[in-house]
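Enquirer: here are the coordinates; sequence isn't available:
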């Protein structure tokens, strides 16, 4: 049944293509022949029209970022590969992955080598020159500690050695939540869990989907103390100034959300239960958008007045971007205490 649903969601794709996209698995498209030069979009082309003129959707992504995107034989697989594949299918063109390290994602886009960048990116001023899609995944940061540690939450980390990836969004959240001096140990690459297992750190704060994946190696010595710290977002980086292309990408993401494809990909690749009802994190309450809901109806129910929809939008601007109507079923929104 799941396979049939996956095929049906990606309308306009042949059965084999739909199945590959549902599984997040597919081969790279064949290289363009050396005959005619590639089509160049005209100045009037915009949105997916320009993508079609190029003949492919070029997506900058890290090919070593399982379970989000990784190599599989001659192609790629993973959660973000499935999302990017669905966008390419909607645009009616093949997907081309532009292999890039995490730190190169923005520069690839700005240099015109890619149309989109995807790779566990969160909107931040640290990514200069980019615009952002609406969120294709809302997740939580995890607190990981040694198995024998009594640390239960971020509030207990004052004076401790806390490892984290070199991400300003994580740093800001952790610093504000701890509320006391602590030793921040920043990593630009892997190695944090090895140091935690050896006792060189007291805790690590890391994206839950990645933490669950990596702890398969450290399950005997490390544990997740809290997997509901907050709601953070992953968004696609886009070139600034192309409003039509951004609108087309957001339209596809909303469609994938409403049709359940984002939830199915999350379950398949990230191995975590997808919430269907509201819940509480260390940072406050979260609601899960139901089909047909608007910010006004959610604000009326959760905040007491539909007039507070603007407040709800401001709180979740990283999720929704500039469009207060960019809701889809399953979207997770912060609603405060």
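Expert: Okay, I see it. Here the structure is a predicted model, which is why all the values come from computation and not from measurement.

Enquirer: Show me what counts as buried in stretch 176-187.
Expert: 177, 178, 182, 185, 187 (16 or more other CB atoms under 10 Å). Glycine gets a C-beta too; all of them are placed from N, C-alpha and C.

Enquirer: quick one: the second one from residue 158, how far?
Expert: Right, residue 178. Between residue 178 and residue 158 the computed distance is 6 Å (CB to CB, to the nearest Å).

Enquirer: And residue 120, how far from residue 211?
Expert: Taking CB to CB, one finds residue 120 at 12 Å from residue 211.

Enquirer: now stretch 240-248: mean pLDDT?
Expert: Averaging pLDDT along stretch 240-248 gives 93.

Enquirer: Have a look at this protein and report its longest strand.
Expert: strand 130-139 (DSSP state E).

Enquirer: what residues does the next helix or strand after it touch?
Expert: Sequence order places strand 141-146 as the next helix or strand after strand 130-139, per DSSP states H and E. Contact with strand 141-146 is made by 151, 153-154, 170, 173-174, 193, 196-197, 199, 202-208, 211-212, 215, 221-227, 229-230, 232, as judged by CB atoms under 8 Å, 6 or more residues apart in numbering.

Enquirer: So residue 49 belongs to a helix, correct?
Expert: Yes: the assignment for residue 49 by DSSP: H, G, I helix; E, B strand; the rest coil puts it in a helix.

Enquirer: Going by residue numbers, what spans are helices in this protein?
Expert: 2-9, 15-23, 47-54, 79-91, 105-110, 168-178, 192-197, 208-214, 243-258, 261-270, 295-303, 309-315, 317-320 (DSSP state H).

Enquirer: highest average neighbour count across these?
Expert: Ranked by mean neighbour count under mean count of other CB atoms under 10 Å, these are led by helix 79-91, which reaches a mean of 26.

Enquirer: Point out where the protein drops to low pLDDT.
Expert: Residue ranges of the chain with pLDDT under 70: 1-46.

Enquirer: which strands and helices sit next to the longest strand of the chain?
Expert: Secondary-structure packing of strand 130-139 (3 or more CB pairs under 8 Å, 6 or more residues apart in numbering; DSSP states H and E): helix 105-110, helix 208-214, strand 232-239, helix 243-258, helix 261-270, helix 317-320.

Enquirer: partners of that strand, with directions?
Expert: Under the criterion DSSP bridges, strand 130-139 sits next to strand 232-239 (antiparallel) in its sheet.

Enquirer: ok and the strand it pairs with relative to helix 168-178, angle-wise?
Expert: 150 degrees (axes from the mean of the first three to the mean of the last three CA atoms, to 10 degrees).

Enquirer: which other residues reach the longest strand of the chain?
Expert: Applying CB under 8 Å, 6+ apart, the contact partners of strand 130-139 are 79, 83, 106, 109-110, 117, 123, 207-209, 231-241, 246, 249-250, 253-254, 256, 262, 266, 318-321, 323, 326, 331-332.

Enquirer: The same query, at a cut-off of 6 Å, please.
Expert: Residues from elsewhere that reach strand 130-139, judged by CB atoms under 6 Å, 6 or more residues apart in numbering: 83, 106, 123, 208-209, 231-238, 240, 249-250, 253, 319-321, 326, 332.

Enquirer: sorry, back to before: for the helices and strands packed on strand 130-139, could you give me TSV that also reports distance to residue 136?
Expert: Converted to TSV, the helices and strands packed on strand 130-139 look like this (distance: least, CB to CB, whole Å):
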stretch	distance to residue 136
helix 105-110	15
helix 208-214	12
strand 232-239	6
helix 243-258	5
helix 261-270	6
helix 317-320	10
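
Enquirer: which one of the ones you listed lies closest to residue 294?
Expert: For residue 294, the closest of the helices and strands packed on strand 130-139 is helix 317-320, at 11.7 Å, according to CB to CB.

Enquirer: in the protein, which residue is closest to the centre?
Expert: residue 234 (2.8 Å; CA atoms, centre = their mean).
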